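Participant: Predicted model and sequence follow; I will ask about them next.
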Amino acid sequence: MNELPYLIYIIVFIIGSVLGLLISYKKHNEPFIINKIDILTLIISVVGWILLFNNALFVSFLSYIGISSIIIISIALFLIGLVIGMRPGYGRYETVIGIVISAIIFFILYLLGIT
């Protein structure tokens, strides 16, 4: 039964991608012509990538109230799926910025010896 978390991760990511596509079609009726960064999408992306890259830090804090790493990674993959699953062209800058910010936080915490 070690495959069950991976199945949960795949299903949650697919649900997030489909919802991201539906939300972006409602929000943007035109093809990709807007070259500005959407703040809400950027926040969702940064939170998702931080939860994914730094889940050990959050598990150590949230294990006291019974939240496991499977739930944290599932939330992270859902948020990442929301951004990655948007219409073509939308969400790509936010995804890259989210990855960079979370990688910087990961390396800072690693150098400090926290994770």
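Facilitator: Received the coordinates, thanks.
Participant: and residue 86, helix, strand or coil?
Facilitator: At residue 86, secondary structure determined by DSSP: H, G, I helix; E, B strand; the rest coil is coil.
Participant: Now do the lowest-mean-pLDDT helix or strand in the chain: everything it contacts.
Facilitator: Of all regular secondary-structure elements in the chain, judged by mean pLDDT, DSSP states H and E, the least confident is helix 55-62 with a mean of 80. Residues outside helix 55-62 that contact it (Cβ atoms under 8 Å, 6 or more residues apart in numbering): 51, 67-69, 72-73, 76, 109, 114-115. Placement of C-beta: from N, CA and C, glycine included.
Participant: So for stretch 20-31, what gets flagged as buried?
Facilitator: Buried positions in stretch 20-31, judged by neighbour count with 16 or more other Cβ atoms under 10 Å: 20-21, 24, 28.
Participant: got a pLDDT number for residue 91?
Facilitator: According to the prediction, residue 91 has pLDDT 85.
Participant: and the residue nearest to it when sequence neighbours are not counted, how many neighbours?
Facilitator: Counting by Cβ to Cβ, 6 or more residues apart in numbering, the nearest residue to residue 91 once its immediate chain neighbours are dropped is residue 83, at 4.5 Å. Residues near residue 83, counting by other Cβ atoms under 10 Å, number 26.
Participant: was I right about residue 83 contacting residue 97?
Facilitator: No: under the criterion of Cβ atoms under 8 Å, residue 83 is not in contact with residue 97, lying 10.3 Å apart.
Participant: what sits in contact with each of these two?
Facilitator: Common neighbours of residue 83 and residue 97, counting by Cβ under 8 Å, 6+ apart, are residue 45.
Participant: Following element in sequence after the longest helix along the chain, please.
Facilitator: Of all the segments assigned as helix in the chain under DSSP state H, the longest by residue count is helix 4-27. Using DSSP states H and E, the helix or strand that follows helix 4-27 in sequence is helix 39-53.
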